[in-house]
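J.: okay, predicted coordinates and the sequence, questions at the end:
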Amino acid sequence: MGLFTAPFVVWAAEDLHIEITKKGLGKEVVITQGAREWFMLIEVTPENSVVLRQEKEHDRYLVDESETHDRPMTAGEVDAALTDYVNSVKARATKK
């Protein structure tokens, strides 16, 4: 799968915690708020890219989806996708 690096906290609020980990050419983000968890993994290979998104509350999955792109994503595309996902979760989490 590639090299794993230690996760680092990007942003933390009263009960929203965000960790991003570099995984090979891709990245993973885990966002937690109480019993809720959002997860996104972007795995990049020389042939393609796979994006996994999950959202769960306790042990129940609310979202579990994946998409495959027929080319490797660039580092900039990976970062942009993660930033968009984190901002989307932040916006939805603050509305609750």
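T.: Done, it's in.
J.: could you measure from Pro46 over to Lys27?
T.: 17 Å (CB to CB, to the nearest Å). C-betas here are computed from N, CA, C, even on glycine.
J.: hang on, Gly26 packs against Glu43?
T.: Yes. Look at Gly26 against Glu43 with CB atoms under 8 Å: they come within range, at 4.7 Å.
J.: list the residues that contact both of the two?
T.: Common contact partners of Gly26 and Glu43 (CB atoms under 8 Å, 6 or more residues apart in numbering): Ser49.
J.: ok, back up a step: ok, Pro46 and Lys27, which is more surrounded?
T.: Between Pro46 and Lys27, counted using other CB atoms under 10 Å, the more crowded position is Lys27 (20 against 7).
J.: what pLDDT is listed against the more buried one?
T.: pLDDT, Lys27: 98.
J.: got the buried residues for the helix or strand hosting it?
T.: Lys27 is part of strand 26-33 when elements are defined by DSSP states H and E. Under the neighbour-count criterion of 16 or more other CB atoms under 10 Å, strand 26-33 has Gly26, Lys27, Glu28, Val29, Val30, Ile31, Gln33 buried.
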